[in-house]
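Chemist: fold the following for me, if possible:
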Amino acid sequence: MPRLSQTTQRKRRGEIAAAALRCFARKGFAKTSIADVIAECGLSSGSIYSHFSGKSELIAFAFAEWLVAEFQEPLEELQVAGELTPADVTAWMLERHNDPSQAQMMMQLWSEAPRTPALSVLVAENLAKIKNLVSTALLPWASARTSGVGVEAVAADAADAIITISQGFVMRIAIEATIDAATLRRAICTTLGATGEGVGRGSALDGSRERTCQTGRNDQQPLRDLAVEDQV
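Modeler: Here you go, the predicted structure:
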């Protein structure tokens, strides 16, 4: 059999990973076998094992690829979106991750991570990258709220809050079958005073998706005005 090029190998690994994720979404980690993945992607067992040593490596790779596509790459868009408030970024994050099936996938990953060292490392590294990207996007906002001292700390604290809100949102739509993700998102945005209008106007984000929470209210105090002003 001719040796696959690196480009073909990456493509094939991606196809296998995508098939594995579909299986995980339907059956969960524990009940998904390599045989299920073979049937899903239509490749031979030899082809699967030529790319992955077993299920654990496949899980780690599949979720690494998924996390990059779902979180890291989209968040990089925020770096060129201009000054964003924490409320803006929260609204943007919740809009991107409001699919219950994707939320259930994330819950599986979080629940499995404490028992699987490779996944635990993967989740920790991904969260660190997300925090860094969100913090960087919030630096202009943080600079406007402080006198230049502790700007990075203000942005990092806001990033932690945004990530925690997003995780709670994901958990709710994953485990509560009757909850409406759009309604919950609007409630969160209204509470934070987010309209999303500051996200991506005239930037790479503009036009890529609707970015307003559509609360119908303009009397909410933006989160930027709730920032602690006595930062040292």
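
Chemist: can you mark which positions in stretch 95-109 are buried?
Modeler: Applying a neighbour-count criterion of 16 or more other CB atoms under 10 Å, one finds 95, 97, 98, 100, 102, 103, 104, 105, 106, 107, 108, 109 buried in stretch 95-109. Heads up, the C-betas are built off the backbone N, CA and C, glycines and all.

Chemist: thought the fifth one was touching residue 70?
Modeler: Yes: under the criterion of CB atoms under 8 Å, residue 102 is in contact with residue 70, at a separation of 7.2 Å.

Chemist: before we move on, back to that, the buried residues of stretch 95-109: which two are farthest apart?
Modeler: Longest distance between any two of the buried residues of stretch 95-109 is 22.1 Å, between 95 and 108; criterion CB to CB.

Chemist: domains of this structure?
Modeler: With domains defined by automatic domain parsing, the chain comprises 1-52, 55-226.

Chemist: please report how far residue 49 lies from residue 154.
Modeler: 49 Å (CB to CB, to the nearest Å).

Chemist: more neighbours: these two, which one.
Modeler: residue 154 (22 against 13; other CB atoms under 10 Å).

Chemist: secondary structure element holding that one?
Modeler: helix 151-175 (DSSP states H and E).

Chemist: and the next helix or strand after that helix, what does it pack against?
Modeler: Reading on from helix 151-175 to the C-terminus, the next helix or strand found by DSSP H and E is helix 181-192. If contacts are counted by 3 or more CB pairs under 8 Å, 6 or more residues apart in numbering; DSSP states H and E, helix 181-192 sits against helix 86-96, helix 151-175.

Chemist: returning to what we had before: please work out which of the domains of the chain is packed deepest.
Modeler: domain 55-226 (a mean of 17; mean count of other CB atoms under 10 Å).

Chemist: go ahead and measure how far that domain is from the middle of the chain.
Modeler: Centroid separation for domain 55-226 versus its chain: 6 Å, with CA atoms, centre = their mean, to the nearest Å.

Chemist: which residues touch the nearest residue to residue 99 once chain neighbours are set aside?
Modeler: Distances taken as CB to CB, 6 or more residues apart in numbering put residue 181 closest to residue 99, at 7.7 Å, once the chain neighbours are dropped. Residue 181 sits next to 98, 99, 100, 169, 173 when contact means CB atoms under 8 Å, 6 or more residues apart in numbering.

Chemist: format the buried residues of stretch 95-109 as JSON lines; extra columns: secondary structure.
Modeler: Shown next, in JSON lines, are these (DSSP: H, G, I helix; E, B strand; the rest coil):
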{"residue": "95", "secondary structure": "helix"}
{"residue": "97", "secondary structure": "coil"}
{"residue": "98", "secondary structure": "coil"}
{"residue": "100", "secondary structure": "helix"}
{"residue": "102", "secondary structure": "helix"}
{"residue": "103", "secondary structure": "helix"}
{"residue": "104", "secondary structure": "helix"}
{"residue": "105", "secondary structure": "helix"}
{"residue": "106", "secondary structure": "helix"}
{"residue": "107", "secondary structure": "helix"}
{"residue": "108", "secondary structure": "helix"}
{"residue": "109", "secondary structure": "helix"}
